[in-house]
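# please work out how this folds:
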Amino acid sequence: MNFDISEWGEVSSTSLSDAMLGLHTMESSIKPLNRKMRVVGPAYTVQIIKNDCAIIFKALQEAPEGSVLVIAAQGTTDVAFLGEIVTKIAQKRGIAGIVIDGCIRDSLAIEEGTFPVFAKGAIPKIPAANYLGQVQKTIVCADVIVRPGDIICADADGVVAVPLEETSQVLQKAMEKETKDHWKIETMIPDSEALQSYLAKISEKYKTAL
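Residues are numbered from 1 along each chain as shown. Coordinates of the predicted model:
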């Protein structure tokens, strides 16, 4: 797949989620370490098995530049699967960011850095390496099925995974939504008459639904 990040601009997770009718949106527990963090890129999937953190180093070695490591940890919060060293290696290797439905550590250092990390929480304890994990398999991360190559978009509001085969149409719908939202904010809301007409139309729909 030829992924062109310039096509995605600053499109938000909100717009992409709306474009997919709320589907493929990860649960709200997955948060950026810093709310200004944002990442977009193809998923390189990592499956944690029995709290195996060693598999992440395999992913660091093999993941192509610009990819987003999406790590399925079954929501485990009693151990940290990565910390500052892993993020430094990932950044050096050209990886765009990391999403994990589990915990990390060295959270302050990561928060103050420039590498995007989205996680469930932080805890100091790490698991033992057992070399049972897998990469580039279809995974479930934060209740969302993610396949290798699906496009991940993560920002202050959360994380969405756009199925690869739906990329073009979802992106187009998201951009159309953002154009409409911009019009509402810049043109409609400042115009009292237009705003009243808009609210009246919505109210009428509720009456019709009763």
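# now stretch 142-151: buried residues?
By neighbour count on 16 or more other Cβ atoms under 10 Å, the buried set for stretch 142-151 is A142, V144, V146, R147, P148, G149, D150, I151. Backbone N, C-alpha and C define where each C-beta goes, glycine included.
# and those residues, which two are the farthest apart?
Using Cβ to Cβ, the two most remote members of the buried residues of stretch 142-151 are A142 and G149, lying 18.3 Å apart.
# list the buried residues of the host helix or strand of I202.
Taking DSSP states H and E as the criterion, the element that holds I202 is helix 192-209. Neighbour-count burial for helix 192-209, counted by 16+ other Cβ under 10 Å, picks out no residue.
# so for that helix, mean pLDDT?
Averaged over helix 192-209, pLDDT sits at 85.
# which elements pack onto it?
Helix 192-209 is packed against no helix or strand, with contacts defined by 3 or more Cβ pairs under 8 Å, 6 or more residues apart in numbering; DSSP states H and E.
# mind checking how far it is from the chain centre?
34 Å (Cα atoms, centre = their mean, to the nearest Å).
# what sits up against that helix?
K184, T187, M188, I189 (Cβ atoms under 8 Å, 6 or more residues apart in numbering).
# before we move on, the earlier item: identify, from the buried residues of stretch 142-151, the entry nearest to S12.
I151 (13.7 Å).
# neighbours around the closest residue to that closest one other than its chain neighbours, how many?
Closest residue to I151 apart from its sequence neighbours, by Cβ to Cβ, 6 or more residues apart in numbering: V162 at 4.2 Å. Taking other Cβ atoms under 10 Å as the neighbour definition, V162 ends up with a count of 24.
# who's in contact with V162?
By Cβ under 8 Å, 6+ apart, the neighbours of V162 are L16, M20, H24, D150, I151, I152, C153, V170, L171.
# quick check: phi and psi on it?
Backbone geometry at V162, expressed as degrees, to the nearest 10, gives phi -90, psi 120.
# how's this protein carved up into domains?
11-163, 171-209 (automatic domain parsing).
# scan this structure for its longest strand.
strand 39-47 (DSSP state E).
# helices along the protein, start to end?
13-19, 55-62, 84-92, 107-112, 167-183, 192-209 (DSSP state H).
# quick one, which of the ones you listed gets closest to K137.
Counting by Cβ to Cβ, and looking across all of the helices of the chain, nearest comes helix 55-62 at 10.9 Å.
# just the angle for the closest one relative to strand 39-47, thanks.
Angle of helix 55-62 versus strand 39-47, following axes from the mean of the first three to the mean of the last three Cα atoms, to 10 degrees, is 130 degrees.
# by contact count, what packs against helix 55-62?
Going by 3+ Cβ pairs under 8 Å, 6+ apart, helix 55-62 lies up against strand 39-47, strand 68-72, helix 84-92, strand 134-135.
# report how many residues lie close to the nearest residue to L33 once chain neighbours are set aside.
Once flanking residues are discounted, L33 sits nearest to E111: 4.4 Å by Cβ to Cβ, 6+ apart. Neighbour count for E111, taken as other Cβ under 10 Å: 15.
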